[in-house]
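Participant: Take a look and give me a structure for this.
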Amino acid sequence: MDIGQMFMLGFNGTEVDDGHWIVRALEKDHLGGVILFDRNIAGSVQNITSSSQLQDLSAALQEYAAGTLLVGVDQEGGRVCRLKERDGFPKTLSAKVIAQGDLDQAAHSAGMLATTLARHGINFNLAPVVDLDLNPDNPIIGRFERSFGDDPDQVVCNARVFIDAHHRQGVACCLKHFPGHGSAAADSHLGFVDSTEYWHRQELIPFARLIAEGFSDAVMTAHVINRRLDPQGLPATLSPAVIKGCLRGKLEFSGVTVTDDLQMQAITKKWGYAEAVRLAVLAGVDLLIVGNNLDQREDTLGIGLQTIKDMLDRGEVDADYIAGCLQRIATLKKKIAGELAWKNNIPTILS
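Facilitator: This is a model prediction of the structure:
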């Protein structure tokens, strides 16, 4: 089994060659995906400096990969984007600004954004955000205008337009941050976030409705604790109750489950990396993201692979379980390649 397909890693470099560790990961361990950043947390260049440079980098990465490589970015628009104007890319609008206009304008903005990604070899956008903007003091969703609004209908309509524009360009999307980060009062990049007191069940509605309409690309989990869904108090990323019980069970999501960055402090302040990988896999995660943006490490894939191999040897998971993860990732890649339809036929559930 190519367990390397279960990982999406960040790396330093605006170009790659045979000597780069990410190339070795692609060729030797069949790494499933890469996540690109324009700058790292310190402000220095990580992967993106110009249009031509990004095209060359994406093409080189695909050439080194065995089969379709997921090339991902966080290109939400507005303040959260990796292809920025300063590096020669088109201006983008935030979700909040887009939602203030009509859906024709939203479709135009999404179409330009998706076309830019496809032109530069990006086939997986870690967007749209479908969190409801319920807390004006939220430091990471509301503050950065990342939500389409506080009304589930408005969020769903704008997310649908965003997703359709990407699918027309052969770019997959990822709904985030399940089961809802918009009501939280803290930032999971910086430490533990317990949203139990603030969370509302309506925060599930955008996810549920889009999934019921057949969306089956990917859903990203939040590193937030929600005791209404998990009495044990595990962050959603590490919670079987949230992922297997709610997302897979109640909402019947059949696509790829994706972690938020495992280097965020909501995880690292309590769990070591190997243990975080172990718990995420047990919780039901298919694709594990390690951005190497907050902390540059070249050993994350090796440790992650060994962790899953040890789980198999101990019988914590069986080969069929991991094969299921790999199959969902392979299905997503077939959709990107145009070999399968984007949407599944799933019966309508939560309204």
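Participant: Pretty sure Ala110 sits against Phe162.
Facilitator: Yes - Ala110 lies in contact with Phe162 (C-beta atoms under 8 Å); the separation is 4.5 Å. Using the backbone N, CA and C atoms, a C-beta is placed for each residue, glycine as well.
Participant: tell me, what's touching the two both at once?
Facilitator: In the contact map built from C-beta atoms under 8 Å, 6 or more residues apart in numbering, no residue is linked to both Ala110 and Phe162.
Participant: Could you list the low-pLDDT ranges of this structure?
Facilitator: Residue ranges of the chain with pLDDT under 70: 185-192, 345-351.
Participant: Show me where it has its helices.
Facilitator: 21-29, 51-64, 95-99, 103-119, 152-168, 205-212, 240, 265-268, 273-283, 300-314, 319-336 (DSSP state H).
Participant: what's across from Ala218 in the sheet?
Facilitator: Ala218 has these beta-bridge partners by DSSP bridges: Val256.
Participant: Any idea how many residues pack against it?
Facilitator: 25 (other C-beta atoms under 10 Å).
Participant: residues in contact with it?
Facilitator: Taking C-beta under 8 Å, 6+ apart as the criterion, Ala218 is in contact with Phe124, Ala172, Cys173, Cys174, Leu175, Gly255, Val256, Thr257, Val258, Leu287, Leu332.
Participant: again with Asn47
Facilitator: Counting by C-beta under 8 Å, 6+ apart, Asn47 has contacts Gly10, Phe11, Asn12, Gly13, Thr14, Leu36, Phe37, Asp38, Leu54, Leu57.
Participant: again, only this time at 6 Å
Facilitator: The contact partners of Asn47, taken as C-beta atoms under 6 Å, 6 or more residues apart in numbering, are Leu36, Phe37.
Participant: ok, so what distance separates it from Thr300?
Facilitator: Going from Asn47 to Thr300 by C-beta to C-beta, to the nearest Å gives 16 Å.
Participant: Give the phi and psi angles for Val130, as a check.
Facilitator: Phi and psi for Val130, reported as degrees, to the nearest 10, are phi -120, psi 20.
Participant: Pretty sure it sits against Lys176.
Facilitator: No - the criterion here is C-beta atoms under 6 Å, and Val130 misses it with Lys176 at 7.2 Å.
Participant: Compare those two (neighbour count), which wins?
Facilitator: Val130 (30 against 25).
Participant: number of nearby residues for the nearest residue to the more buried one once chain neighbours are set aside?
Facilitator: Leaving aside its chain neighbours, Val130 sits nearest to Pro206 (3.9 Å; criterion: C-beta to C-beta, 6 or more residues apart in numbering). By other C-beta under 10 Å, the residues close to Pro206 number 30.
Participant: residue contacts, Asp295?
Facilitator: Gln263.
Participant: at 10 Å what do you get?
Facilitator: The contact partners of Asp295, taken as C-beta atoms under 10 Å, 6 or more residues apart in numbering, are Asn40, Ile41, Asp261, Gln263, Thr268, Tyr273.
Participant: ok, it to Val130 distance?
Facilitator: Taking C-beta to C-beta, one finds Asp295 at 28 Å from Val130.
Participant: for Asn40, same thing?
Facilitator: 27 Å.
Participant: what do you get for Val281?
Facilitator: In terms of C-beta to C-beta, Val281 sits 25 Å off from Val130.
Participant: And Ala165, by the same measure?
Facilitator: For Ala165 relative to Val130 (C-beta to C-beta), the value is 15 Å.
Participant: Surely Gly33 and Leu9 touch.
Facilitator: Yes - here Gly33 reaches Leu9: they are 7.6 Å apart, a contact under C-beta atoms under 10 Å.
Participant: which of these two has more neighbours?
Facilitator: Gly33 (27 against 24).
Participant: Next up, the contacts around that one.
Facilitator: Here Gly33 is in contact with 4-9, 26, 61, 65, 68-72, 123-124, 258, 287-289, 329, 332-333 (C-beta under 10 Å, 6+ apart).
Participant: Throw together a ChimeraX command that grabs the buried residues out of those.
Facilitator: Only the buried entries of the contacts of Gly33 go into this ChimeraX selection, using 16 or more other C-beta atoms under 10 Å:
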select :4,5,6,7,8,9,26,61,65,68,69,70,71,72,123,124,258,287,288,289,329,332,333
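Participant: Please enumerate the shared neighbours of Gly33 and Leu9.
Facilitator: Common neighbours of Gly33 and Leu9 (C-beta under 10 Å, 6+ apart) are Leu26, Leu288, Ile289.
Participant: any chance of the helices of the chain in TSV, with distance to Phe144 too?
Facilitator: Output for the helices of the chain, formatted as TSV (distance: least, C-beta to C-beta, whole Å):
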stretch	distance to Phe144
helix 21-29	29
helix 51-64	23
helix 95-99	9
helix 103-119	16
helix 152-168	16
helix 205-212	18
helix 240	30
helix 265-268	17
helix 273-283	25
helix 300-314	27
helix 319-336	27
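Participant: right, so of the ones you listed, which gets closest to Ile225?
Facilitator: With C-beta to C-beta as the measure, helix 265-268 is the member of these nearest Ile225 (8.6 Å).
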